[in-house]
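Peer 1: Quick check, what structure comes out for this input:
(one chain, ligands or ions: 1)
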Amino acid sequence: MANLNIDSKQERTYDAIVIGSGISGGWSAKELCEKGLKTLVLERGRNVEHIKDYPTTNMLPWEFEHRGKIKQEVEEENPVVSRCYAYREDTKHFFVKDTEHPYVQEKPFDWIRGYQVGGKSLLWARQTQRWSKYDFEGPARDGFAVDWPIRYEDLAPWYSHVEKFTGIAGNKDGLDNLPDGEFLPAWELNCVEKYFKQQLESQYKGRNLISSRCAHLSQPQAIHLEQGRGQCQNRALCQRGCPFGGYFSSNSSTLPWAAKTGNMTLRPHSVVHSIIYDEEKGKATGVRVIDAESKEMIEFYAQIIFVNASALHTNHLLLNSTSNRFPNGLGNDNGLLGKYVAFHNYRARISAEYEGQLDSATVGRRPTSGYIPRFRNVYAQETDFLRGYASGFSAGRRVERDYDGLGSSLKENLLNPEWGNWRVGSHMMGETIPKESNYVALDTEQKDAWGIPLLKINVEYDDNDDKMVEDFKEQFTEMYTKAGFTNIRTSDSHQAPGLDIHEMGGVRMGHDPKTSLLDKWNRLHACKNVFVTDGACMTSTSTQNPSLTYMAFSARAADFAVQEMKKLNI
Ligand SMILES: Cc1cc2nc3c(=O)[nH]c(=O)nc-3n(C[C@H](O)[C@H](O)[C@H](O)COP(=O)(O)OP(=O)(O)OC[C@H]3O[C@@H](n4cnc5c(N)ncnc54)[C@H](O)[C@@H]3O)c2cc1C
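Peer 2: Residues are numbered from 1 along each chain as shown. Coordinates of the predicted model:
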């Protein structure tokens, strides 16, 4: 039962409520606050303040008890999160432990989560490639999922808007399958990366290698300095939280900007239980929150609600928001809520050596490397699987030490290390096809510590993904061979879905309320003052990293919502 004694109803009433303070919630909050709306940002986790709450950011390797590694017993207790490459001794405080927040895996799914102010914006790898027209046209052209209700041109100005504020390093590469944006100077490819670029682009039409675009301030502009952010120092310790604000996070950028307007109220430790739907008014009027510390239920009210809890949490929350009008979840007239979940396929890798360029080596760090945009099935269907994959590419050279010998010969060997061959590697980033059978739902029996039904996840790879893995291995073996790389090795990790951390869908956008949940402005067809602008809104997944697109959607939807409010349409 809601506790109505906490404050008066008026004190719990805002113009807007944003649920979640991660990458997309930060952008919704910034835009709504800047446009003058008194905005309440609700975050289930603890507060994390920029710089102050980055406990490991300046620690040296030997200051870590386990030199950065996770203890075996912790790994055994948390098998899912331990599979994430970024879950280490220096970052583990930003990850949700499996034991603390269970979910039901009807099929294996590695759900990687960050519950805190800033969400996963403190953990992400900051890769920010725009989607292209081929991505938004894809479902209609290739006949899967449903047609997107927008096209690239609808989002392009919002990509620009977001990129300028966030700060994206990249080159204008002039590729129509990876549109250019508003870039700061790019990080340079090293000599072997440049060599492969030249080989690839001279031997294949439509295959390119670029410096991967990333959310790092290579050359801060006035707007970034105004945010209190500074130049990226190439420390490559980003996932500990960057005290320079060199990379983009909600904590260093959008949330402080929103706070500066005086319009934001940030409430951590606030687990949103459900959205309140008023049948007489025919719209949502607020949210029910369980205070994570006192366990009390409190209601907050607003004219518009932005759901930015991250894709699967957003599905969870909407499914749990039931009423007489919506017995199966808010806006779920067509029964499709939670369905057509999709993700990325990061299963395959390839590595090799290069015996050239032995007169050069690189030392030092940089926050990004190379990127090969999707080249399969872009202009026409060429293979027996739908869609395609993008890929990373990086090259590096290691110092090899000879540990052979005894006494003075061993000493001699250790004191005279030599550069080894260049090593090169790529990983695939494949588009998976959204399907009705890939869904999430509420578990009918088990509940979490707040009395909310656990989320049940039923998602798996399919034949299309398997074929794509094989194609990646074949195509990259061919490209590596043509470039003269040797000792080529390919692998398929056979990992469970989820580990790509790019889960999307379940509340997809579309033209038709019969086949989609959200309209072209990211609002529920059936409840027009609730907006979903995180990964849950995605109709298909593309091959590019998705978070830049969530940011652009958030800014676009916030602009539309405020205009509608001004016209008294909401
Ligand atoms: C290691 C790693 C590397 C990644 N690399 C990249 C990359 O290179 N490029 C890229 O595009 N993406 C990357 N991602 C993914 C990226 O982090 C996510 O796509 C992005 O954070 C999603 O933004 P969001 O706002 O939807 O969710 P989040 O940033 O996760 O924020 C959601 C917030 O909502 C809160 N919340 C959830 N449920 C509730 C509730 N019921 N009530 C209140 N609050 C709630 C959560 O606690 C969280 O703070 C990476 C992620 C990780 C972990």
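
Peer 1: what residues are up against Asp142?
Peer 2: Asp142 makes contact with Asn377, Gln381, Leu386, Arg387 under the criterion C-beta atoms under 8 Å, 6 or more residues apart in numbering. Placement of C-beta: from N, CA and C, glycine included.

Peer 1: My guess is Arg365 contacts Gln233. True?
Peer 2: No: assessed by C-beta atoms under 8 Å, Arg365 is found out of contact with Gln233, at 9.2 Å.

Peer 1: helix or strand right after the strand ranked longest in the chain?
Peer 2: Ranked by residue count and defined by DSSP state E, the top strand of the chain is strand 418-431. Next helix or strand after strand 418-431 toward the C-terminus (DSSP states H and E): strand 439-447.

Peer 1: ok, back up a step: give me the more crowded residue out of Arg365 and Gln233.
Peer 2: Comparing Arg365 with Gln233 by other C-beta atoms under 10 Å, the one with more neighbours is Gln233, at 15 against 10.

Peer 1: for the more buried one, what are its contacts?
Peer 2: Contact analysis of Gln233 by C-beta under 8 Å, 6+ apart lists Phe244, Gly246.

Peer 1: does it count as helix, strand or coil?
Peer 2: coil (DSSP: H, G, I helix; E, B strand; the rest coil).

Peer 1: Kindly provide the distance from it to the ligand.
Peer 2: Note on Gln233: its distance to the ligand, by C-beta to the nearest ligand atom, to the nearest Å, is 19 Å.

Peer 1: How about Glu279?
Peer 2: 23 Å.

Peer 1: Leaving aside the residues adjacent along the chain, what's closest to that residue?
Peer 2: Nearest in space to Glu279, with sequence neighbours left out and distances taken as C-beta to C-beta, 6 or more residues apart in numbering, is Arg325 at 5.2 Å.

Peer 1: The one you found reaches Tyr277, doesn't it?
Peer 2: Yes: between Arg325 and Tyr277 there is a contact under C-beta under 8 Å: 6.0 Å.

Peer 1: These two: which is more packed in?
Peer 2: Counted by other C-beta under 10 Å, Arg325 and Tyr277 do not tie: Tyr277 has more neighbours, with 22 against 14.

Peer 1: one step back: what strand or helix carries the residue nearest to Glu279?
Peer 2: Arg325 belongs to no helix or strand, assigned by DSSP H and E.

Peer 1: Would you verify that Phe393 is located in a strand?
Peer 2: Yes: counting by three-state DSSP, one finds Phe393 located in a strand.

Peer 1: 190 is where my numbering starts, stick with that
Peer 2: In the new numbering, first residue 190, that becomes Phe582.

Peer 1: residues near the nearest residue to it once chain neighbours are set aside, how many?
Peer 2: Spatial nearest neighbour of Phe582, chain neighbours left out: Gly559 (3.9 Å); criterion: C-beta to C-beta, 6+ apart. Gly559 is flanked by 24 other residues according to other C-beta under 10 Å.

Peer 1: quick one on the thing from earlier: tell me the spacing between the residue nearest to Glu468 and the ligand.
Peer 2: Arg514 is 21 Å from the ligand, where distance means C-beta to the nearest ligand atom.

Peer 1: do Asn267 as well
Peer 2: Distance of Asn267 to the ligand, computed by C-beta to the nearest ligand atom: 14 Å.

Peer 1: mind listing what the closest residue to that residue other than its chain neighbours touches?
Peer 2: Once flanking residues are discounted, Asn267 sits nearest to Asp287: 4.5 Å by C-beta to C-beta, 6+ apart. Residues counted as contacts of Asp287 (C-beta under 8 Å, 6+ apart) are Glu266, Asn267, Pro268, Val269, Val270.

Peer 1: which one of these is nearest the ligand?
Peer 2: Of all those, the ligand sits closest to Val270, with 9.6 Å by C-beta to the nearest ligand atom.

Peer 1: Summarise which helices and strands the longest strand of the chain is packed against.
Peer 2: Secondary-structure packing of strand 607-620 (3 or more C-beta pairs under 8 Å, 6 or more residues apart in numbering; DSSP states H and E): helix 380-392, strand 533-534, strand 537-543, strand 578-589, helix 652-671.

Peer 1: can we see that at 6 Å?
Peer 2: Here strand 607-620 touches strand 537-543, strand 578-589, helix 652-671, going by 3 or more C-beta pairs under 6 Å, 6 or more residues apart in numbering; DSSP states H and E.

Peer 1: Can you say which of the ones you listed is nearest to Trp347?
Peer 2: Closest approach to Trp347 among the helices and strands packed on strand 607-620 (C-beta to C-beta): strand 578-589, 21.6 Å.

Peer 1: What is the subsequent helix or strand relative to that closest one?
Peer 2: Remark: after strand 578-589, the chain's next helix or strand is helix 596-604, criterion DSSP H and E.

Peer 1: Mind giving me the packing neighbours of that next one?
Peer 2: Counting by 3+ C-beta pairs under 6 Å, 6+ apart, helix 596-604 packs on no helix or strand.

Peer 1: got a list of contacts for it?
Peer 2: By C-beta atoms under 6 Å, 6 or more residues apart in numbering, the residues outside helix 596-604 that reach it are Asp591, Gly594.

Peer 1: can you tell me the average pLDDT over that helix?
Peer 2: Averaged over helix 596-604, pLDDT sits at 88.

Peer 1: go on, stretch 359-366?
Peer 2: The average pLDDT within stretch 359-366 is 97.

Peer 1: how about it, does it get close to the ligand?
Peer 2: No: using C-beta under 6 Å from any ligand atom, stretch 359-366 stays clear of the ligand, with a minimum separation of 13.4 Å.

Peer 1: Can you mark which positions in that stretch are buried?
Peer 2: Gly359, Asp362, Asn366 (16 or more other C-beta atoms under 10 Å).

Peer 1: Same question for stretch 283-295.
Peer 2: For stretch 283-295, by 16+ other C-beta under 10 Å, it's Phe283, Phe284, Val285, Asp287, Tyr292, Val293, Gln294.
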